[in-house]
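Novice: predicted model and sequence below, questions to follow.
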Amino acid sequence: MEHENGSGSFYTSLPHGCQLCYKGAKMVLFVTGLCHKSCFYCPVSEKRMRKDVTFANERPVSSDNDILDEARSMNALGTGITGGEPLLVPDRVLGYIKLLKASFGSEHHIHLYTAQSPGRVILKELKTAGLDEIRFHPQPEIWDHLPVSGFARSLEIAKELGMDAGFEIPSLPGSEQVAGFARDCNVFINLNELEFSQTNAGALKARGYSALDDESCRATGSRDVAYSIIRKDPGSKAHFCSSRFKDAVQLRNRLLRTANQSEREFDEVTPDGTLFYGVIEGDVERITKMLSLLEVPRQLFELRDGRVELAWWVLEEIASEIRGRFRSWYEECYPTYGRLVVERIPIDTAVDFTI
């Protein structure tokens with residue numbers, strides 16, 4: 001009997017990489033947007049697709065320190081290497097695996113996605129560097145002859161080398177062929193819910209796919225395909241990852257991990273993993289002088305980006321004192337790189353005043 005959760009995902013077995021994703025403990029290392037395939041369902045964004053760029057979660061990577069800083073910011077227990085096609089830049093991939101293992105220890109779990117069917121030489125290099133798990137992504141046009149494809153040989157070699165191995169594909173009609181082969185090989189298969197994005201919407205619509213509802217990007221029928229596969233073979237090592245799970249569980253848990261790592265004494269971490277605080281904008285020297293006169297403890301405010309951020313409850317208490325002096329509001333933001341603002345709630349208007 002499969003396990004289900006409230007976000008629409010279900011499974012009979014979870015690879016270790018997915019177990020860490022469920023906890024929000026996996027950093028996503030997008031090593032390149034370059035790719036030699038043209039999958040009609042590819043959801044990669046325009047700013048990354050076909051471009052040789054690297055991101056650790058939302059953070060642009062220009063040095064190894066960017067990757068390490070991002071991993072520390074969320075207390076990552078592992079990393080998922082993706083793209084594009086990671087193995088188009090194998091030296092980069094090998095270097096990053098070694099970097100992560102050297103910095104966080106052998107227990108830092110690393111998995112990699114690839115649409116290639118690599119040979120023994122590169123697979124051995126990946127294993128020696130420290131790769132724990134590999135997920136093959138064959139294209140739909142070869143799903144009906146996987147046993148005689150290069151993926152069958154790559155899978156066999158990966159298993160011989162001691163790596164966890166399996167398949168990861170979108171949940172489409174025909175996925176049962178890959179699931180059957182995975183079962184015969186005693187390896188896992190991850191079925192991802194098909195999603196509309198800005199880059200694949202035209203191709204999906206041209207093939208007759210439609211959005212499940214007006215509130216999500218989920219494609220009609222994708223979940224049903226996976227449900228049918230897993231119900232027919234409950235003994236398989238199968239996992240359906242829903243679009244809603246990625247947002248409601250995986251992302252939320254990662255945000256909570258990051259928020260708990262990065263929160264200042266005066267930040268409030270919301271149940272969704274965002275940070276909530278107050279903002280006073282204006283001449284920071286005048287603002288800090290005012291806060292000192294009001295006896296606000298120094299640990300309850302911080303000068304940041306040309307403004308003062310402080311505990312929301314402090315701002316609430318002193319609102320009457322600053323009214324008419326400075327612009328001020330409550331602010332909620334993501335704790336991730338760039339601190340994307342979710343909401344601002346103004347509590348005053350800007351008026352020039354000198355203390």
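Specialist: All right, it came through fine.
Novice: show me where the stretch 51-200 of the chain has its strands.
Specialist: Counting by DSSP state E, counting those that start in this stretch, the segments of the stretch 51-200 of the chain that form strands are 55-56, 59-60, 78-83, 109-114, 133-136, 164-170, 188-192.
Novice: of all the ones you listed, which one is nearest residue 273?
Specialist: strand 59-60 (16.7 Å; C-beta to C-beta). Any C-beta I mention is one placed from the backbone N, CA and C, and that applies to glycine too.
Novice: direction included, what does the helix or strand of the chain at the bottom of the mean pLDDT ranking pair against?
Specialist: With mean pLDDT, DSSP states H and E as the measure, the helix or strand of the chain carrying the lowest mean pLDDT is strand 3-4 (a mean of 72). Strand 3-4 pairs in its sheet with strand 10-11 (antiparallel), by DSSP bridges.
Novice: can you tell me which helices and strands the following helix or strand past the partner strand packs against?
Specialist: Following strand 10-11 in sequence order, the next helix or strand is helix 16-22 (DSSP states H and E). Applying 3 or more C-beta pairs under 8 Å, 6 or more residues apart in numbering; DSSP states H and E, one finds that helix 16-22 contacts strand 78-83, strand 109-114, strand 133-136.
Novice: next one: the first one to chain centre, how far?
Specialist: Averaging C-alpha coordinates over strand 78-83 and over its chain gives two centres that are 9 Å apart (C-alpha atoms, centre = their mean, to the nearest Å).
Novice: what's the angle from that strand to strand 164-170?
Specialist: 50 degrees (axes from the mean of the first three to the mean of the last three C-alpha atoms, to 10 degrees).
Novice: give me the residues contacting strand 78-83.
Specialist: 17, 20-21, 25-35, 44, 71, 93, 96-97, 100, 108-113 (C-beta atoms under 8 Å, 6 or more residues apart in numbering).
Novice: of the strands of the stretch 51-200 of the chain, which is nearest residue 223?
Specialist: The closest of those to residue 223 is strand 188-192. By C-beta to C-beta, the value is 9.2 Å.
Novice: what helices or strands is that closest one leaning on?
Specialist: By 3+ C-beta pairs under 8 Å, 6+ apart, strand 188-192 packs against strand 164-170, helix 175-185, helix 222-232, strand 238-241.
Novice: verify the stated contact: residue 233 with residue 179.
Specialist: Yes: counting by C-beta atoms under 8 Å, residue 233 touches residue 179, with 7.1 Å between them.
Novice: so these two - more neighbours on which side?
Specialist: Neighbour totals were compared for residue 233 and residue 179, and residue 179 leads with 26 against 16 (other C-beta atoms under 10 Å).
Novice: got the phi and psi for residue 327?
Specialist: Main-chain dihedrals, residue 327, degrees, to the nearest 10: phi -80, psi 140.
Novice: try residue 268
Specialist: Residue torsions, per degrees, to the nearest 10, at residue 268 are phi -110, psi 130.
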